[in-house]
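1. With the input below, show me the fold.
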Amino acid sequence: MDIPVICIVGAHNSGKTTFITKLISLLKSEGYKITAVKHDPKGKAVTDTPGKDSFKMYQAGADQVILASPDKITSYIRPEKNYTPEYIIENLIVGDPDLIILEGFKWFDGIDKYEVIRKEEKRDLLLKDSPDLKGVITDYYGFNPSFDINDPVQFMEYLKREYLR
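-> Predicted coordinates for the structure are as follows:
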């Protein structure tokens, strides 16, 4: 797959998802096809309702359960023990997106990363020494390049120049 991939990282509650959802809305309004992959390293996200049929099928041991409805199709897959973003991108992305946005996966090397950090967090960058860190999305932090966390249009314009076809 020759699709541009970026990774948005940051500490818990730094504003990653809020920023990404605004960014996705902006990109979609300009006609881009976007795939988003959210990392849930602790497995806390609720993706199905206990007691429902799809939940029962997965609990019974199905390797994959697909729940198809008129407005969305959801797929539950038992991942390989050590799945990577590469595995997800190569095996699970459907269609032909213009951009794949990963949220999380800060430990995975080889993907351009943009760290979200807000003044109220009072911390240093998680990836300050990583060669994968390509920019910071912030309301105060001095890094080159920096993007205003309150102005996702600025970051979208950068993505259009640097990544999008």
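
2. name the element the residue nearest to residue 75 when sequence neighbours are not counted belongs to?
-> Spatial nearest neighbour of residue 75, chain neighbours left out: residue 66 (5.0 Å); criterion: C-beta to C-beta, 6 or more residues apart in numbering. Using the backbone N, CA and C atoms, a C-beta is placed for each residue, glycine as well. Assigned by DSSP states H and E, residue 66 belongs to strand 64-69.

3. what packs against that strand?
-> helix 53-59, strand 72-77 (3 or more C-beta pairs under 8 Å, 6 or more residues apart in numbering; DSSP states H and E).

4. For residue 14, which of those is the nearest?
-> With C-beta to C-beta as the measure, strand 72-77 is the member of these nearest residue 14 (27.0 Å).

5. Also compute the angle for the strand holding residue 66 relative to strand 72-77, please.
-> Angle, strand 64-69 to strand 72-77, by axes from the mean of the first three to the mean of the last three C-alpha atoms, to 10 degrees: 170 degrees.

6. Going along the chain, name the strands of this structure.
-> Per DSSP state E, the chain carries strands over the ranges 5-10, 34-38, 64-69, 72-77, 99-103, 112-117, 133-138, 146-148.

7. how far away is residue 40 from residue 155?
-> 24 Å (C-beta to C-beta, to the nearest Å).

8. Between these two, which is the more surrounded one?
-> residue 155 (22 against 10; other C-beta atoms under 10 Å).

9. got the contact list for the more buried one?
-> Applying C-beta atoms under 8 Å, 6 or more residues apart in numbering, one finds that residue 155 lies in contact with 19, 23, 114, 137, 147.

10. With adjacent residues omitted, what lies nearest to the second one?
-> Which is residue 23. residue 152 (4.8 Å).
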